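A.B. asks: This is a predicted model, with the sequence first.
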Amino acid sequence: MYHYLSKILVWGIYPLTLGMFLLLISFLFERKRDRKLFKLTFFFGFLILYLFSIIPITQILVRPLQITDSSELETDVIIILGGDPARSLTGIRLFKKGVAPIIISAGGSGELLQEKQKESDRMTDFLVEFGVPKDRVISESQSKNTRENAIFSKQIMDSLNVKNIALVTSSLHMRRSKAVFKKLGYNTATFNSKLFRIPKKQTRFDPFTLMPKVENLSISTQAIYEYFALLLYKILGWI
């Protein structure tokens, strides 16, 4: 139930959703010849879409979420949380470096309406294709969200008697993922598959950072989802 409710609720606070909603409402006011409300809703709809599409706002949202790689811990297993191929490639690199002898590919189907091929199955095929022995990969295919990734992976790790893990996911997803595994009693070394480079100090003003881009809107949306999920996980006692 949580999985479906969270997907629906968070949709309502995405910048694209809010911006388009206000723009549509503004045209209704225009048809009713209410110029004041038309201008107000149009302005705020446009402003939301613009602000969340520029680099400065994206950086403000992303910076608190990111955790840099921490490889000091000796680990027993690599856990790759389902997602883009960059995560699998990071896991392969770590395995070949000898970070851990076993990989858990974690991820079922997060789809709301229909169940596609399990993420863990796709990851396992990818890992094997790129040189990881099949007997070194364990698939966890029951989970639908990050907490279930950890819960079902725990069952596997308990059978292996391990406590130190190398956690692989995207940088925006890492803070929540690490907190979930920590709640279950695991020590984690973090390895980001994708880290957004954010300068600590802007030496000079760059006007091109104020140009809106679809990529920035996408990153801002991912960050907003993570803040929503962190709050919800905290309320539910999952982190």
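C.D. replies: In hand now; what should we look at? Numbers count the residues shown, from 1 in each chain.
A.B. asks: Return, as residue ranges, the portions of the protein with sub-threshold pLDDT.
C.D. replies: 1-5, 109-117, 199-203 (pLDDT under 70).
A.B. asks: in it, which spans are strands?
C.D. replies: Secondary structure of the chain (DSSP state E): strands located at 77-81, 103-106, 137-140, 164-169, 187-192.
A.B. asks: neighbouring strands for the third one, and are they parallel or not?
C.D. replies: This means strand 137-140. Neighbouring strands of strand 137-140 in its sheet, by DSSP bridges, are strand 103-106 (parallel).
A.B. asks: do the same with the first one
C.D. replies: Here strand 77-81 has these sheet partners by DSSP bridges: strand 103-106 (parallel), strand 164-169 (parallel).
A.B. asks: could the strands of the chain be laid out in JSON lines, adding distance to Arg147 and mean neighbour count?
C.D. replies: To be clear about C-beta, it is placed using only N, CA and C from the backbone, and glycine gets the same treatment. Output for the strands of the chain, formatted as JSON lines (distance: least, C-beta to C-beta, whole Å; neighbours: other C-beta atoms under 10 Å):
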{"stretch": "strand 77-81", "distance to Arg147": "11", "mean neighbour count": "28"}
{"stretch": "strand 103-106", "distance to Arg147": "11", "mean neighbour count": "28"}
{"stretch": "strand 137-140", "distance to Arg147": "13", "mean neighbour count": "22"}
{"stretch": "strand 164-169", "distance to Arg147": "13", "mean neighbour count": "25"}
{"stretch": "strand 187-192", "distance to Arg147": "15", "mean neighbour count": "20"}
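A.B. asks: so can I have TSV of the ones you listed showing distance to Leu231?
C.D. replies: What follows is the strands of the chain, written out as TSV (distance: least, C-beta to C-beta, whole Å):
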stretch	distance to Leu231
strand 77-81	20
strand 103-106	23
strand 137-140	26
strand 164-169	19
strand 187-192	21
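A.B. asks: For Glu148, give its distance to Thr17.
C.D. replies: In this view, Glu148 and Thr17 are 26 Å apart by C-beta to C-beta, to the nearest Å.
A.B. asks: In terms of neighbours, single out the busier of those two.
C.D. replies: Glu148 (19 against 14; other C-beta atoms under 10 Å).
A.B. asks: Verify the stated contact: Glu226 with Ser177.
C.D. replies: No: Glu226 is beyond contact range of Ser177, at 10.0 Å (criterion: C-beta atoms under 8 Å).
A.B. asks: domain assignment for the protein?
C.D. replies: 2-64+214-236, 68-192 (automatic domain parsing).
A.B. asks: Can you check which of the strands of the chain gets nearest to Leu127?
C.D. replies: Comparing those against Leu127 with C-beta to C-beta, the closest turns out to be strand 137-140 (5.3 Å).
A.B. asks: Pull the CA coordinates from the closest one and hand them back as PDB.
C.D. replies: C-alpha atoms of strand 137-140 as PDB (Å, rounded to 0.1, in the frame of the first residue of the first chain):
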ATOM      1  CA  VAL A 137      25.700 -13.000  -8.200                       C
ATOM      2  CA  ILE A 138      22.600 -13.400  -5.900                       C
ATOM      3  CA  SER A 139      19.300 -11.900  -7.200                       C
ATOM      4  CA  GLU A 140      16.800 -10.300  -4.900                       C
END
